[in-house]
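In: next come a sequence and a model predicted from it.
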Amino acid sequence: MTITKTGVLLINLGTPARADKKAVRAFLKEFLSDARVVDLPVWVRQVLLHSVILPFRTGKTTNAYQSIWDQEKGSPLLFHSQDLLHGLRDELGEQYQVELGMRYGEPSIWSATEKLLKAQCSQVIIVPLFPQYSSAASGSAIASVMRGLLPKQHIPHLSIVSDFFHDPNYIKAQVSLIAPHIEAKQPDSILFSYHSLPWRQIEKGGSQCQISCQQNQPCAQISPENRLCYRAQCYETSRLIAQALGINAYHVVFQSRLGRIPWVGPDLTTAMTQLIQGGKRNLLIASPSFVADCLETLEEIGIRAKGLWQDLGGKDFTLVPCLNSEPLWIQGLANIVKANVRQKQVNPVEII
């Protein structure tokens, strides 16, 4: 008997194939050529990419990747994502076919989608592994899937998990991961760090909260007015995690700025300096916008931010690992998938 399967497409950002200049340059070129990532006119984007970014950042970015590259398993983002893939397959069972695609690099979104189409899945659930929705990450991933499906004669029923920033399964997994580190380290400061975005992308997002936004003040609790705002989603995730942890004192910060244009804040390094000035010395950082450890967590925070903290006079520095393939996260992600399965419809002919 042939079982009609439900397809699940997990999507993460991507990674260079190797930690050398040629591979990193190719990755940066693909990544930063995306109009949703660098949302400037195409000629400006190409001039910036080929005249500034690739010539001057390839070497620095290569060194950063080399500092976190596993000699046996390669890219942390890739092998953690693959571990999650295998865990989710085991958790969901034979009624599901789960594939992994990277927005940039390999395995590609299209190669993963082809496997699901070949299996003739009755439904495909698209899960960009970005808890908070942004056009640059979630939107780009979803758009890439749609472009690949355009020429196909048959397109299966699609369900899209566009975000899960306040999903109880995700929050529970984060709390379970963070709580033991707080208990063990007893930090005097806790930061929740998220990937920043150019402020213009927030303005273009269409959220009604832009009218009254105080850019460096905490966002209000999620409501219909700010539901579409990436920054507000980050603050809501932090609020829910802190509430479940039973903590009142924490800060929300944003990292990974590039260039001198206005970016979403408060900035991570600025916040660290202010904490030192306020007499804080024992810091814990969690990164709820990343579900797999990657360059932004392991190198930017785990190496550079840690070095800055020590240079400023800080003592303890704790970086909480990402969810990666934690069992509770695998179970939670399976629940998110199941919640998006279309209920089987009865064929009218069968009733007769």
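Out: Received it, and whenever you're ready, just let me know what you need.

In: can you count the residues close to residue 114?
Out: Number of residues near residue 114 (other C-beta atoms under 10 Å) recorded here: 15. Yep, even glycine has a C-beta here, placed from its N, CA and C like the rest.

In: tell me the SS of it?
Out: With DSSP: H, G, I helix; E, B strand; the rest coil as the basis, residue 114 sits in helix.

In: please report how far residue 131 lies from residue 138.
Out: Distance of residue 131 to residue 138, given as C-beta to C-beta, to the nearest Å: 9 Å.

In: mutual contacts of these two, please.
Out: residue 163 (C-beta atoms under 8 Å, 6 or more residues apart in numbering).

In: now do the contacts for the one residue sitting closest to the centre of the chain.
Out: Central residue of the chain (C-alpha atoms, centre = their mean): residue 130, 3.4 Å from the mean position. Residues near residue 130 by C-beta under 8 Å, 6+ apart: 13, 137-138, 141, 163, 289, 291.

In: restricted to strands, list those residues.
Out: Within the contacts of residue 130, residues falling in strands by DSSP state E are residue 13.

In: which two of the contacts of residue 130 have the greatest separation?
Out: The largest distance within the contacts of residue 130, taken as C-beta to C-beta, falls between 13 and 163 and amounts to 15.3 Å.

In: of the two, who's got more company?
Out: More neighbours surround residue 13 than the other of residue 13 and residue 163, with 25 against 20 (other C-beta under 10 Å).

In: pretty sure the more buried one sits against residue 109.
Out: No - look at residue 13 against residue 109 with C-beta atoms under 8 Å: they stay out of range, at 11.0 Å.

In: if I look at these two, which residues touch both of them?
Out: 102-103.

In: name the residues that touch the helix or strand containing residue 102?
Out: Element membership for residue 102 (DSSP states H and E) is strand 96-104. Taking contacts as C-beta under 8 Å, 6+ apart, the residues outside strand 96-104 that touch it are 5-15, 27, 30-31, 34, 78, 81-82, 84-85, 88-89, 92, 107-113, 115-116, 119, 121, 137, 140-141, 144, 337.

In: and with 7 Å instead?
Out: The contact list for strand 96-104 (C-beta atoms under 7 Å, 6 or more residues apart in numbering) reads 5-15, 27, 30-31, 81-82, 85, 88-89, 92, 107-109, 111-113, 115-116, 119, 121, 140-141, 144.

In: show me where this protein has its helices.
Out: In the chain, the helices defined using DSSP state H lie at 21-32, 42-48, 54-68, 76-92, 109-118, 140-149, 168-185, 199-203, 230-245, 268-277, 306-312, 327-338, 348-351.

In: now for the fifth one, which elements pack on it?
Out: Spelled out, it's helix 109-118. strand 6-14, strand 96-104, helix 140-149 (3 or more C-beta pairs under 7 Å, 6 or more residues apart in numbering; DSSP states H and E).

In: the first one now?
Out: Identification of packing neighbours for helix 21-32 by 3+ C-beta pairs under 7 Å, 6+ apart yields helix 54-68, strand 96-104.

In: low-confidence stretches in the stretch 51-200 of the chain?
Out: Applying pLDDT under 70 to the stretch 51-200 of the chain flags no residue at all.

In: let me redo that: the stretch 201-350 of the chain
Out: For the stretch 201-350 of the chain, residues meeting the criterion pLDDT under 70 lie at 208, 210-214, 344-350.

In: rerun that using 90 as the cut-off
Out: Scanning the stretch 201-350 of the chain for pLDDT under 90 picks out the ranges 203-217, 225, 258-261, 342-350.

In: if we can go back for a sec, buried deepest among the helices of the chain, which one?
Out: Ranked by average neighbour count under the criterion mean count of other C-beta atoms under 10 Å, these are headed by helix 230-245 at a mean of 22.

In: what residues sit buried inside stretch 156-170?
Out: Neighbour-count burial for stretch 156-170 flags 156, 158-161, 163-167, 169-170 (criterion: 16 or more other C-beta atoms under 10 Å).

In: who's residue 97 bridged to?
Out: For residue 97, the beta-bridge partners are residue 7 (DSSP bridges).

In: could you do the one 4 residues further on as well?
Out: As for beta bridges, residue 101 partners with residue 11 under DSSP bridges.
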